[in-house]
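J.: here is a sequence together with a model predicted from it:
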Amino acid sequence: MEHQSKAVILRTSDYGEADRLVSFFADNFGKAKGVAKNAKRSNKRFGGGLEPGSIGRLRFAEKHGVELVRLEEFAVETPAWKVAASLEKLASLYIALEIAEKMLPPAFISLPRFKLLQRWIIFLAENEPSLIHRHAYLYKWLKLSGLEPVFDKCAACGRSASAVWRISASQGGIVCGNCRSFPGDKIIQENSLKYLKIFKFDKMPNNNSAEADEVFKFLIEHAIGNEVKSFAVAARL
Ligand SMILES: [Zn+2]
């Protein structure tokens, strides 16, 4: 069965002599993996656009009972090189791609997350991202994944006042001083909490928060159950 989709390329690797193995996220298909035959030579079919972060029109064929699809053609609309103008842009792109690759279940359609990722890449192509932009993206991604973090009250008991707050990955947010502490929980400062609360209202905080960066990394790596390598790369910038 053949499909036509709008797709974001998530990851590519060499596959034999001339082929590429490509993981992509399609608007009407979800995440999938496939082989692009002769991709290294066929400029006509793939236009040199099979790079992580490229957005375009993808034509691919699916065969019943076969896990890998066959990529037929990719017409690039937003090439990934547009996001390569700075290391901050690249780091922000790779974090989003790696999280999508690791969090999306295969062949599960999620148009809201597709549109969010697409908007993020187009934003990165035209703007220099701040840490705040990246946090706003990660917050929305978690929310659309059914994992909106709770930052305005205790995620365990619902209490809204406490002398001390901890961030708990297993509870998906903050927990108060009266509730049980979980392994890996960390104390979080009042000003970081203030920063994190703002994203719920679709607004942007004014100041950066390095501690909030740790919080997003902590929550996302817990959701994935594994390390996100791009966070470590971004932290070294
Ligand atoms: Zn509590």
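T.: In hand now; what should we look at? Nothing here was measured: the structure is a model prediction, and the numbers come from that model. Numbering: from 1, shown residues only.
J.: poorly predicted segments of the chain, please.
T.: Low-confidence regions of the chain, defined here as pLDDT under 70, do not occur.
J.: show me where it has its helices.
T.: Counting by DSSP state H, the chain has helices at residues 43-46, 87-103, 111-126, 131-144, 190-197, 210-224, 229-235.
J.: which of those helices sits closest to the ion?
T.: Between the ion and the helices of the chain, the shortest gap by C-beta to the ion is with helix 190-197, which sits at 14.2 Å. Quick note: C-beta positions are derived from backbone N, CA and C, even for glycine.
J.: as CSV, could you dump the C-alpha coordinates of that closest one?
T.: Listed in CSV are the C-alpha atoms of helix 190-197, where the atom choice follows Å, rounded to 0.1, in the frame of the first residue of the first chain:
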residue,chain,number,x,y,z
GLU,A,190,11.0,28.6,44.6
ASN,A,191,12.2,30.8,41.7
SER,A,192,12.6,27.8,39.4
LEU,A,193,9.1,26.7,40.3
LYS,A,194,7.8,30.2,39.5
TYR,A,195,9.4,29.9,36.1
LEU,A,196,8.0,26.4,35.4
LYS,A,197,4.5,27.4,36.4
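J.: so how far is it from its chain's centroid?
T.: Averaging C-alpha positions (C-alpha atoms, centre = their mean, to the nearest Å) puts helix 190-197 22 Å from its chain's average.
J.: so what secondary structure elements neighbour it?
T.: Under the contact criterion of 3 or more C-beta pairs under 8 Å, 6 or more residues apart in numbering; DSSP states H and E, the helices and strands touching helix 190-197 comprise helix 210-224.
J.: and the helix it packs on with helix 87-103, angle?
T.: Direction vectors for helix 210-224 and helix 87-103, defined by axes from the mean of the first three to the mean of the last three C-alpha atoms, to 10 degrees, enclose an angle of 30 degrees.
J.: elements contacting helix 210-224?
T.: In this structure, helix 210-224 makes packing contacts with helix 87-103, helix 131-144, strand 165-168, strand 186-188, helix 190-197, helix 229-235, judged by 3+ C-beta pairs under 8 Å, 6+ apart.
J.: okay, how far is it across stretch 36-52, tip to tip?
T.: 14 Å (C-alpha to C-alpha, to the nearest Å).
J.: contacts for it next, please.
T.: Applying C-beta atoms under 8 Å, 6 or more residues apart in numbering, the set of residues contacting stretch 36-52 from outside is 9-12, 18-22, 56, 70-76, 79-81, 93-94, 97.
J.: which positions within that stretch qualify as buried?
T.: When neighbours are counted by 16 or more other C-beta atoms under 10 Å, the buried residues of stretch 36-52 are found to be Ala36, Lys37, Ala39, Arg45, Phe46, Gly49, Leu50, Glu51, Pro52.
J.: list the contacts for the nearest residue to Leu111 once chain neighbours are set aside?
T.: Distance criterion C-beta to C-beta, 6 or more residues apart in numbering; nearest residue to Leu111, sequence neighbours excluded, is Asp27 at 5.9 Å. Remark: with contacts taken as C-beta under 8 Å, 6+ apart, Asp27 is in contact with Ser5, Lys6, Ala7, Ile109, Leu111, Phe114, Lys115.
J.: ok, Asp27 to Gln4 distance?
T.: In this structure, Asp27 and Gln4 are 10 Å apart, going by C-beta to C-beta, to the nearest Å.
J.: spell out which parts of the chain neighbour the ion.
T.: Taking C-beta under 5 Å from the ion as the contact definition, the chain meets the ion at Cys154, Ala156, Cys157, Arg159, Cys176, Cys179.
J.: turn those residues into JSON lines, including neighbour count.
T.: Below are the residues of the chain next to the ion laid out as JSON lines (neighbours: other C-beta atoms under 10 Å):
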{"residue": "Cys154", "neighbour count": "22"}
{"residue": "Ala156", "neighbour count": "19"}
{"residue": "Cys157", "neighbour count": "12"}
{"residue": "Arg159", "neighbour count": "13"}
{"residue": "Cys176", "neighbour count": "19"}
{"residue": "Cys179", "neighbour count": "19"}
